[in-house]
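Student: Need coordinates for the below:
(chains A and B)
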Amino acid sequence: MSRNSRLIYSPDYTNYYFHDEHPFNQRRLLLTHDLMSMYGLLDESDIVPPRFATDEELELGHDSRYIQFVRDQGHSDTELPLAASYGLGTEDVPCFANMHESASLIAGGTLNAVDLVMNGQAEHAFNPAGGLHHAFRGRASGFCIYNDCSVAIAYIRKTWNARVLYIDTDAHHGDGVQWAFYDDPNVLTVSMHETGKYLFPGTGNLTERGDGSGYGYSVNVPLDAFTEDDSYLAIYQELVTKLAHGFKPDVILTQNGCDAHAFDPLTHLSCSMKIYQAIPRLAHQLAHELCGGKWIAVGGGGYDIWRVVPRAWTLLWSEMTDQPLSDGPLPAAWAERWQPHSELVLPKRLFDEPFPAIPRRAEITQKNLVTLERAMMYAPISSES
Amino acid sequence: MRIEDIMRKKVITVSPSTSIGEALLLLRTNRIRHLPVLEEERLVGLVSDRDLRDALPSHLLTHEDDDMILQKHVSDIMSKQVITAHPLDFIEDAAAQVYEHKIGSLPIVENERLVGMITESDLFSSLIELFGVNRPSSHIEVQVDDRVGALAEVSQVFRDAHVNICSVLVYPAQNPPQKNLVFRAQTIDPRPLIQQLTDKGFTVVWPKEGGSLL
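Tutor: This next block holds a predicted model:
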């Protein structure tokens, strides 16, 4: 067991709250923190509370006018006339009180994680509140106000001039981060997601490969709907291993949205809890092999807050801290505490019982392999292992 | 959308007395396939990369007169019956012309003057724009009866759900007289919208079961 990892956490994260009916609900972090504790994976000294990102830091990834607007809107009782033009006041990103403060706490948490890792105070750090990868420079989108990933990468580039490998395994395309570094050959953005043919945001096509000197440094693998564990992991392992060896990053930032799970209500992938052990495991290994351990993980999407998110991110933390978990019943006290709040029956075990096989499995697996080949065509890959 | 909105206005042209060698060089350096031939700003012909290639000897055999061919004028090989379009034509007219005559480009002519050029790939790129994603959005497909007001009724539901529509396509369904309406809607969570559509009796083709199978 290593105490070289930090969890950036505070219950204040739940202030990023749209309304009761909204699918993005940071209450999932309370459930996750609780599950980690009951598994005995947390020590007081592991936890670092997040700080607020300063305006100067946010401006690394956002227009100052946008930041000012978010602040003004969060301090106003009524919706300001320009809200819609900033992507705010929509069904996806409704306005709420003090939205600037709660969003900049999330971005600050990711910056905290970066500071700890880049300054050598920790090898790894995890900010489960982060991963808000849809926000653009001057526009909120897809539940995201400030893009903590973009801000953190720009901050790493500016402060340490380090080369960053960004791996996004959220079921939605990591569009905000991709476009922010689309022409930068020092930031390799990799996104594996459900195809945008149907799903939001619609981008993340194979042919989005970067621009100018950054050509080849944006990699997208749009997976077919109903992709299952084996195909998912085969693609992930080949893709990420080859890219990491080819790119030779100084630091790895992973966005660990867990909405590729079959239970997730917003997407159509059919993976199980198994992938949420394997995904961070490979990132962890590669960070030690190539980056002297430097690995920053953030959360992301995950809209089954009862059955998926707590288990997925507990598995991530167990991997990060070398406290491996194997399948077994979840701590009984956890279900006792949370079941009364949930309409869904909470899972009994850490891993899922096998799901019924998808009828088109062979076809989907084949399609994904072709997609992988084409995705890597112009990317910096190396087959050395 | 009119041709003038998407046509290339800077066109590389030649005159009838331009040599075949020079024309070839122009095609290669500009990575284009068609050269309009102008005589005092009037369009008198068109040479394509295929016309030029046909005029050249095989590069597998060398002949003493090879250089002579490169010195000849494009007027010897150009097509003189050129199919053209007008800048105010719609792009679907241009696409129909290109498709019908199996040609690769259309010079755009106004008052006998060449004002632009449009190629197959320009038409393709406008189509990609029309079908494509210009804002983060989700794909929602609804099947409706082919009758007055169907689109209006469906879009009223989007309005009630406060969801902005980025683009709409209407195409015949596999079982006519039904039609499919394909929307790109500016939301990451289409579930409430799908629910309202279903409640109002519309057939939602995609997304099917709101995602979760389990």
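Student: In chain B, where is pLDDT below threshold?
Tutor: Along chain B, the model assigns pLDDT under 70 to residues B:209-214.
Student: again, 50 this time
Tutor: B:210-214 (pLDDT under 50).
Student: Walk me through the domains of it.
Tutor: B:3-128, B:132-206 (automatic domain parsing).
Student: Quick check: the gap between the residue of chain B most remote from its centre and B:A55.
Tutor: Of all residues in chain B, B:E64 has its C-alpha farthest from the mean position, at 43.6 Å, by C-alpha atoms, centre = their mean. Distance, B:E64 to B:A55, using C-beta to C-beta, to the nearest Å: 17 Å. (C-beta placed from N, C-alpha, C; glycine too.)
Student: ok, now A:S45?
Tutor: In terms of C-beta to C-beta, A:S45 sits 81 Å off from B:A55.
Student: what does B:V154 give?
Tutor: 57 Å.
Student: and residue 18, how many neighbours does it have?
Tutor: I'll assume chain A. 18 (other C-beta atoms under 10 Å in any protein chain shown).
Student: right idea, wrong chain: chain B
Tutor: 19.
Student: what does chain A have sitting close to chain B?
Tutor: Proximity of chain A to chain B, by C-beta under 8 Å from any C-beta of the partner chain, involves residues A:23, A:90-92, A:134, A:141-143, A:172, A:175, A:196-203, A:262-268, A:270, A:355.
Student: So which of the residues you listed sit within helices?
Tutor: Judged by DSSP state H, the residues of chain A next to chain B include A:D175 as members of helices.
Student: where exactly do the strands run in the chain?
Tutor: Since you didn't name a chain, this refers to chain A. Under the criterion DSSP state E, chain A carries strands at the ranges A:5-8, A:47-48, A:124-127, A:164-168, A:187-194, A:218-223, A:251-255, A:295-298.
Student: other chain: chain B
Tutor: Going by DSSP E, chain B shows strands at B:34-39, B:42-48, B:105-110, B:113-119, B:138-145, B:165-172, B:178-185, B:203-206.
Student: Between those strands, which one is closest to chain A.
Tutor: strand B:138-145 (4.2 Å; C-beta to the nearest C-beta).
Student: coming back round to it: neighbour count: B:V154 and B:A55, which is higher?
Tutor: Neighbour count, other C-beta under 10 Å: between B:V154 and B:A55, B:V154 has more, with 20 against 17.
Student: Show the contacting residues for the more buried one.
Tutor: B:142, B:144, B:181, B:197, B:202 (C-beta atoms under 8 Å, 6 or more residues apart in numbering or on different chains).
Student: Adding distance to chain A and mean neighbour count, write the strands of chain B out as JSON lines.
Tutor: What follows is these, written out as JSON lines (distance: least, C-beta to the nearest C-beta, whole Å; neighbours: other C-beta atoms under 10 Å in any protein chain shown):
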{"stretch": "strand B:34-39", "distance to chain A": "25", "mean neighbour count": "21"}
{"stretch": "strand B:42-48", "distance to chain A": "28", "mean neighbour count": "19"}
{"stretch": "strand B:105-110", "distance to chain A": "24", "mean neighbour count": "22"}
{"stretch": "strand B:113-119", "distance to chain A": "20", "mean neighbour count": "19"}
{"stretch": "strand B:138-145", "distance to chain A": "4", "mean neighbour count": "20"}
{"stretch": "strand B:165-172", "distance to chain A": "9", "mean neighbour count": "13"}
{"stretch": "strand B:178-185", "distance to chain A": "7", "mean neighbour count": "19"}
{"stretch": "strand B:203-206", "distance to chain A": "6", "mean neighbour count": "16"}
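Student: Distance to B:L26 added to the ones you listed, as TSV?
Tutor: Supplementary listing: those in TSV, determined by distance: least, C-beta to C-beta, whole Å:
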stretch	distance to B:L26
strand B:34-39	6
strand B:42-48	10
strand B:105-110	15
strand B:113-119	14
strand B:138-145	43
strand B:165-172	38
strand B:178-185	41
strand B:203-206	48
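Student: and of the ones you listed, who's closest to A:V309?
Tutor: Comparing these against A:V309 with C-beta to C-beta, the closest turns out to be strand B:138-145 (21.6 Å).
Student: In space, not sequence, find me the middle residue of chain B.
Tutor: Geometric middle of chain B (C-alpha atoms, centre = their mean) lands on B:L123, at 1.5 Å.
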